[in-house]
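Participant: Requesting a structural model of the entry that follows:
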Amino acid sequence: MTLILGFVAFLTWTAFLCKADCPPLTLSYEWLDAFTVNVSWAKPTGLQCSSEDQCYRHMEGQEQKIVSTEGTHFTENCLSENMNAGGCNYSVWTRNRSCSIESTPATITVSSPKPQAEVVKDVECFKYLNKTKCSWILVNQSQNLKVSYRDEGKIEEVRNKLKECKEPRSDCELDIAFKTFDIYIHVESEAGMRTFKPKLKVHSPKMEISEEGGKFKLSWTPPEIWECCGWIYEVCYNRCNKPKECQNYTIEEGDPHLVHTVAYERNCRYEFTSRVRTNDYHYPISSDLSQITTYGTNDETLTVVAIVIPIILSACVLLSCFCFRRHSAIFCPIIPDPSVIFKEMMMNGNKELKTTTGSLYTPVPEPIEPCKIALVSENCVVQKSC
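Facilitator: Presented below is the predicted three-dimensional model:
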């Protein structure tokens with residue numbers, strides 16, 4: 001009987017412990033630098049919460065992380081891009097590992113040490129073989145800008161070891177190891193501050209295009225940003241005004257260059273663009289699409305030209321013939337027969353002579369009375385008879 005009562009008491013006590021709600025107490029936070037916050041709490045108290053098999057979990061967004069049984073704090077990067085209107089929200093709760101019972105979460109909102117503001121825009125960070133260079137556009141050109149940065153590293157090692165850009169008006173060359181890819185940047189002005197983790201990029205490699213055996217031969221030189229890496233090239237092209245097609249080509253580690261072939265239609269004009277990104281086994285780095293590279297000529301265009309141009313020329317010829325015929329008297333006047341010309345000249349000459357003779361002045365004859373003359377003798381007196 002005593003054994004049964006003890007077993008019942010054990011089950012009752014176990015159920016009591018498993019159902020006990022033991023949330024963490026007095027959550028607080030402290031900023032370690034511009035990016036890093038430390039959240040701490042006190043262990044739950046009470047007889048039902050004294051079990052040593054309690055572990056703590058915390059959550060940022062949808063990601064859950066486990067803190068050790070003895071731990072009463074965690075350290076996280078709280079960036080502007082992860083903040084909501086109030087800041088970064090964290091939830092912490094306990095979980096009994098024996099019974100898998102979780103407590104009511106305790107929540108805390110981590111506020112930014114300075115008002116958040118869009119200080120810069122269009123941020124781009126390019127990775128090179130031996131340097132990393134970032135550029136941006138200052139939103140308010142009249143304000144002073146302060147830019148600091150650090151790599152991810154271990155919190156204990158990098159905390160309070162920020163490096164500053166000397167002249168950060170538009171760009172900055174970051175003084176970090178060439179194999180460093182996790183970078184945190186802090187920008188600050190009179191308007192406010194912003195912290196972010198930039199996405200690293202590389203310039204799109206130049207693509208060489210040649211024709212060989214009725215196919216396109218595409219080749220690139222991989223970006224040289226570290227000793228080796230696996231790259232995936234995305235090639236997109238249009239041909240003969242058809243929908244765009246895209247294909248991925250992979251270059252393995254250690255290959256000096258990449259060469260691939262694409263079927264080629266001679267009667268098509270191709271427009272190529274490409275970009276590159278690392279494969280799934282490396283840090284995510286990518287490039288923008290390259291400029292368009294063209295190759296070939298559309299036969300459709302030549303066909304249209306071959307049809308349209310003769311039609312236009314024929315129409316021009318017909319119009320010219322019509323105009324020429326209509327105004328033929330201007331372009332080709334009638335030339336008379338030379339014999340007719342000379343004949344008319346002779347005839348016209350006689351007419352001119354007659355006309356000239358008739359045009360001379362002819363005086364009007366005066367009337368003259370006839371005179372009678374008679375013979376007389378010597379002794380006769382002459383008498384006037386007229």
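Participant: C-alpha only now, for contacts and for neighbours.
Facilitator: Fine.
Participant: buried residues in stretch 27-39?
Facilitator: The neighbour-count check on stretch 27-39 (16 or more other CA atoms under 10 Å) flags 27, 29, 31, 32, 33, 34, 35, 36, 37, 38, 39 as buried.
Participant: The first one contacts residue 108, doesn't it?
Facilitator: Meaning residue 27. Yes: in this structure, residue 27 is within contact of residue 108 by CA atoms under 8 Å, at 6.7 Å.
Participant: Could you check how many residues crowd around residue 152?
Facilitator: When neighbours are defined as other CA atoms under 10 Å, residue 152 has 17 of them.
Participant: Check residue 274 too.
Facilitator: Residues lying near residue 274 (other CA under 10 Å) number 23.
Participant: so how far is the first residue of stretch 94-105 from its last?
Facilitator: 8 Å (CA to CA, to the nearest Å).
Participant: tell me the average confidence for that stretch?
Facilitator: In this model, stretch 94-105 carries a mean pLDDT of 75.
Participant: Ignoring the adjacent residues along the chain, who's closest to residue 93?
Facilitator: Sequence neighbours aside, residue 105 is the residue nearest to residue 93 in space, at 4.5 Å (criterion: CA to CA, 6 or more residues apart in numbering).
Participant: how much space between residue 127 and residue 115?
Facilitator: Going from residue 127 to residue 115 by CA to CA gives 30 Å.
Participant: cool, residue 45 as well?
Facilitator: 37 Å.
Participant: tell me the domain ranges of the protein?
Facilitator: Under the assignment automatic domain parsing, the domains of the chain span 19-110, 120-201, 208-297, 300-329.
Participant: helix/strand/coil for residue 272?
Facilitator: strand (DSSP: H, G, I helix; E, B strand; the rest coil).
Participant: Which residue comes closest to it once chain neighbours are left out?
Facilitator: Per CA to CA, 6+ apart, closest to residue 272 is residue 237, 4.5 Å.
Participant: can you check residue 195 too?
Facilitator: Per CA to CA, 6+ apart, closest to residue 195 is residue 186, 4.5 Å.
Participant: ok, how many other residues are close to that neighbour?
Facilitator: For residue 186, the count of nearby residues is 20 (other CA under 10 Å).
Participant: For it, give the beta-bridge partners.
Facilitator: Applying DSSP bridges to residue 186 yields these beta-bridge partners: residue 148, residue 195.
Participant: which residues does the residue nearest to residue 272 contact?
Facilitator: Going by CA atoms under 8 Å, 6 or more residues apart in numbering, residue 237 touches 244, 245, 246, 270, 271, 272, 273.
Participant: quick one: strands adjacent to the helix or strand hosting it?
Facilitator: Using DSSP states H and E, residue 237 sits in strand 231-239. Sheet partners assigned to strand 231-239 using DSSP bridges are listed as strand 245-251 (antiparallel), strand 270-278 (antiparallel).
Participant: same question for it, mean pLDDT?
Facilitator: 87.
Participant: Mind jotting down where the helices sit in the stretch 201-350 of the chain?
Facilitator: Remark: helices assigned in the stretch 201-350 of the chain by DSSP state H, counting those that start in this stretch are 299-326, 328-331, 338-358.
Participant: Do me a favour and average the pLDDT over the shortest one.
Facilitator: Model confidence over helix 328-331, given as mean pLDDT, is 66.
Participant: Go ahead and confirm residue 93 touches residue 58.
Facilitator: Yes: counting by CA under 8 Å, a contact exists between residue 93 and residue 58, whose distance comes to 6.5 Å.
Participant: among the helices and strands of this protein, which has the poorest mean pLDDT?
Facilitator: Among the helices and strands of the chain, helix 2-19 carries the lowest confidence by mean pLDDT, DSSP states H and E, at a mean of 43.
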